[in-house]
Each structure stands twice: as C-alpha cells, then as structure tokens.
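Peer 1: Structure of the sequence below:
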Amino acid sequence: MAASDTTCNVTANDSTKVKENLDHSTNSVERSFSSRDMSPSNSLAVAEGETATVSRRSSLVGIIQDVFVVDRSKHHVYITGLRGVLVVQSFFWTYFQTFIPTLVSRDTPGPTYQDVLREILSIPLWNESLIYNFFVILSMRTIAVSFLTNPTGQSYAATIIRRNVRMVVILCAGSGMATLIFSRIGVGFIDDFKQKRPNQSIMTPTTVYDGGAAFNSLFNLFWLTYDHYKQAANMFWPTATLWSYTVYFLMVILPFSRPKWHIAGLGLFGLGSFWMAYWGWYSVTGLIFADLATNAKLKAELKSGLRVREDWRLPYAAIAPMLFGVGIAFKYVFIVRPQFVDKLLLLHPYLDLSTRYSPSTVVEAGPYARLDDWFIIVGIMLAVELFDNAQYYLSFKPLVFLGERSFSIFFAQCIFFWTGGIQLWLVLHDARDFSTASANGMVLLVGLLAVSAFAELFFRMVDAPSIWLSKKTYTWLVN
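Peer 2: You can find the predicted model right below:
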C-alpha cells in the first residue's frame, strides 16, 4: 500500500481523537477557571496550550504506529496466512536438517523409522524445494496486487522502490548479523558437531575475511540470479539458503490489455521461459493469480470453469486436486527412485541445445524451478482462490501473525540453530551425558522460545521499520 494511504488513515483517526480531547480539555478548563477568573483571554490561552500538547502527543503516536505497526487494511490476509503455513514448514525443515538429518535427506544414515517418516511425511510437511518454490510464486502474487488494484505510474514506481529498499535493509541486517557472529565465534564447533552427531547433510559456513568481502557478497545477492550455491552470501549463511531471485515485472501490461488475453499472453511467455529453463514461468504463475484476485472478469471466468466446448466447462474445483495429485505423485516416485529426482529437467529443450547449460549444470548451480512443485503449488493456489472456506481458515490470526514475520523467523531460526542451538547440543551431549534424542528435544524446546523472542525483536526493530522506511523513501523521491 502506498505511503499516502497509511498517512491518511492515521491522520484521520488522530484528528478525531484530537478533536474529542480538545473538546473535553476546553470544557474542563472553562469549568475549573469559572470560579476564579472569567477572563476570555486566560481561558483561550489555556485551551490553546492543551491543544498543542494533545497535537504533539497524537503526532508522536502516529509516527510510532507508522514505524512499528504493520497495516493490514489492504492486504489479502489469507495469502499472508498461507505464508504462515510455509513458515512453520521451514522452521521444522531447518531444525530437522540440522539435528535429525535423516528426516530430510538420505545422505545421512539413520534409524529405519526416520527413513519411513521421511518417505511418508517430508513431502507434504517439510520438503525443501516445495517451500522455496512456493515462496517465489507467493512473492510475485503479492508484489503485483497493489499495482493491479491501482494501475498508475506512481503505483508501479512505488511497488518497485519500496520492495527494493525493504529487501536491502532486512537482508543486510540479517546477513550482517550472521557474518559478524561467525567471524567472532568461529565455525570450528560446527565441524565438531557434524562429526559427533553425525550429520553429512549440512555444510559449514565460510567465514568472512574482511568487510569488503561481506559488502560485495550482499551486492551480488541482488545482482546475480544464477549459481546460487556458489554465491558468497549463500556460503556465509547458515543452512546455505540465502539467495534471491528478481521477478519479471510483466504486470505493467495487464491493466491496459483485454482481460481475456491475459492468461493466454502470460502463458505464452511462461512457455518460452519453461523452454529456456528460466524462472520466468514461476513469475508468470504468481502474476496470473494476482490478476485473478484483482480482476472481476477473470475471477468470474475462474468460477465458471475451464471452457472445453461451447456447451461444456470443466470446473477448476476438479482441476485443482488433479494438478495437486500429479505433483504429489511425482514427489513420491522420486522418493522411491531418487536417481530420477532431477530427470524432469529433460523436459526443458534448451538444456539439450545449449553448449553452456545442461541438466547437470542446473542442478549444481543451485535451486531451480521444478515442475513437480509447480503442479502442487498451482493446485493449492487454485483451491485458495476458488473457495471462500480456504480463505477463511488461512485468515486465522496466528497464521497471519506468523506470515507477517516470515522474514524475521527465517533469520532467527537459521542463526539460532547454527549458533546457540548447536553449542547447546554439544554441551548437553558431551558435558551432561544426554542421549542424542534428549539433546535434540531440549534444543527444540529452547529453540522454539529463543526463535520466537529473536524473531519478534528482529521484526519490531528491523522488519517493520524497513516497511516504514521504504514508504518514506518513495515519498521523498517523488515529492
């Protein structure tokens, strides 16, 4: 939402409060002074003083609310709630990968029951690629809404500028914090933990040798959209999951073209990027859902179903579970036959024609847009946009609360589990003679409390102020 919207709302509310306080203050002044001094000038002077005090207090409260309080008035809160579900999944993925790696990957051997739990539950509950790919599509779904709702040049500029400012602030703060911690305490205890646990599924972070390297790593984080695994910022970060992707801003053409052409045109672009094995088809997917949520004609078309013939439509309520089922089926096939987990890359023709890229280089470079994840995500998003009940339950306040803090929780869980969490495990396991299971349970309990406190502190001190700063930056640039 634009900064002017927030300012207007706060100002209107505060003005009402000022007026009520002013009336009350003026009446009180008149009553208290009537028995001693009936001079109109004295009463007026006191009333003006009270008015100035109330105005200063109201303006201060308004500034504090702007900086530290998130405005939900124009958000699709069910999308924020869906992000909250992903936050819970990412928390458990981070914990399992660090302390119970067999539940996440077959790289570290473990008890049979953990292998069974991984094969059955990991796909719907803590699958790494599904989580990060879902966040990519949700980002495009979220970014485009404000512009599509108010398609003006100022709205488009605000969408880009505000997001860039916010991302720079929170990523620099989070990455800088992790870099500083590891440069001070070292990473030797992580190597010790990997041997004693044992854990072959994690990689020890690289320590930064000077401030220039740290700065350059953050710059490349926003500049480079390939070789994610090899980027310095990702190697400095615990869990090696710090990477970015710049979405395509195709949204600028949608408000000025016929709605019935939107899906066909975006689909053509998505098909081209799928051919090239780029992320564009994921961006297009998120943009289509943003368009459906803001365009009444497309929303009605979605409700009526997919036209197969003039007299027959296939309801999307049937298509959604079909897509979801196809994606889940692929996932379980890859559990049974892990050697085929990256074979879907063969469906991208460009990788066979290019002399620079191949399926193996794509896998080695880092996270990529997977087709099986796309089927699952599209099936879920169709159900969410179609059914009011799904939107109602995803608007559950605890989920929205977590979704608003998704960045903060991500930073908090990665930093805590890889610093205090691992060191606590070593103390419990080595010095206190705790069993592995007991040490894992204690770390989980302490981690829930520590991550909650750390994430809330980061949200209040960094994330929420970054939103305020992004709005003020845009206002300063255009005025």
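
Peer 1: Tell me the confidence at the residue nearest to the spatial centre of the chain?
Peer 2: Against the mean C-alpha coordinate of the chain, by CA atoms, centre = their mean, the closest residue is Ser406 at 5.1 Å. We have a pLDDT of 95 for Ser406.

Peer 1: burial of the closest residue to Gly110 other than its chain neighbours, as a residue count?
Peer 2: In space, Gly110 comes closest to Thr102 once its chain neighbours are excluded; the distance is 2.9 Å by CB to CB, 6 or more residues apart in numbering. Every residue, glycine included, has its C-beta placed from N, CA and C. By other CB atoms under 10 Å, the residues close to Thr102 number 20.

Peer 1: Quick check: the gap between Thr102 and Pro109.
Peer 2: 7 Å (CB to CB, to the nearest Å).

Peer 1: Tell me the gap between the helix or strand harbouring Met177 and the middle of its chain.
Peer 2: Taking DSSP states H and E as the definition, Met177 sits inside helix 153-185. Remark: helix 153-185 is offset 13 Å from the chain centroid, using CA atoms, centre = their mean, to the nearest Å.

Peer 1: Could you do stretch 142-157 as well?
Peer 2: Worked out by CA atoms, centre = their mean, stretch 142-157 lies 19 Å from the chain centre.

Peer 1: just stretch 91-104 next, same as before
Peer 2: Centroid separation for stretch 91-104 versus its chain: 20 Å, with CA atoms, centre = their mean.

Peer 1: what are the ranges of the helices in the stretch 251-400 of the chain?
Peer 2: 259-276, 280-294, 296-304, 316-336, 350-353, 359-365, 371-386, 388-394, 397-404 (DSSP state H, counting those that start in this stretch).

Peer 1: Name the surrounding residues that touch the second one.
Peer 2: Applying CB atoms under 8 Å, 6 or more residues apart in numbering, the external contacts of helix 280-294 come out as 76, 133, 136-145, 148-149, 247-248, 250-251, 254, 262-263, 266-267, 269-274, 298-299, 302, 369, 374, 377-378, 381, 385.

Peer 1: Please check those residues and keep the buried ones.
Peer 2: Among those, those buried by neighbour count (16 or more other CB atoms under 10 Å) are 76, 133, 136-145, 148, 247-248, 250-251, 254, 262-263, 266, 269-270, 273-274, 298-299, 302, 369, 374, 377-378, 381, 385.

Peer 1: And stretch 218-237, how far out from the chain middle?
Peer 2: 18 Å.

Peer 1: With just CA atoms, put that stretch into PDB.
Peer 2: C-alpha atoms of stretch 218-237 as PDB (Å, rounded to 0.1, in the frame of the first residue of the first chain):
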ATOM      1  CA  LEU A 218      25.400  -8.700  -0.300                       C
ATOM      2  CA  PHE A 219      25.700  -6.700  -3.600                       C
ATOM      3  CA  ASN A 220      25.900  -9.900  -5.600                       C
ATOM      4  CA  LEU A 221      22.900 -11.200  -3.800                       C
ATOM      5  CA  PHE A 222      20.800  -8.600  -5.500                       C
ATOM      6  CA  TRP A 223      22.700  -8.600  -8.800                       C
ATOM      7  CA  LEU A 224      23.300 -12.300  -9.700                       C
ATOM      8  CA  THR A 225      20.400 -14.700 -10.300                       C
ATOM      9  CA  TYR A 226      22.400 -17.800 -11.100                       C
ATOM     10  CA  ASP A 227      24.900 -20.000  -9.400                       C
ATOM     11  CA  HIS A 228      23.000 -19.600  -6.100                       C
ATOM     12  CA  TYR A 229      25.000 -22.300  -4.300                       C
ATOM     13  CA  LYS A 230      28.300 -20.600  -5.200                       C
ATOM     14  CA  GLN A 231      27.400 -17.100  -4.200                       C
ATOM     15  CA  ALA A 232      29.500 -15.800  -1.300                       C
ATOM     16  CA  ALA A 233      26.400 -14.600   0.700                       C
ATOM     17  CA  ASN A 234      24.900 -18.100   0.500                       C
ATOM     18  CA  MET A 235      28.100 -19.700   1.600                       C
ATOM     19  CA  PHE A 236      28.400 -17.300   4.500                       C
ATOM     20  CA  TRP A 237      24.900 -18.000   5.600                       C
END
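
Peer 1: Tell me the spacing between Ala277 and Ser139.
Peer 2: 20 Å.

Peer 1: repeat for Glu310
Peer 2: 38 Å.

Peer 1: try Pro198
Peer 2: 36 Å.

Peer 1: how does the chain divide up, domain by domain?
Peer 2: 3-68, 77-478 (automatic domain parsing).

Peer 1: Mean neighbour count, those domains: which tops it?
Peer 2: Highest mean neighbour count of the domains of the chain: domain 77-478, a mean of 17 (counted as mean count of other CB atoms under 10 Å).

Peer 1: now for that one, what's the gap between its first and last residues?
Peer 2: Distance between the two ends of domain 77-478: 29 Å, counting by CA to CA, to the nearest Å.

Peer 1: still on that earlier bit, weakest of the domains of the chain in terms of mean pLDDT?
Peer 2: When I compare the domains of the chain, domain 3-68 is least confident, with a mean of 46.
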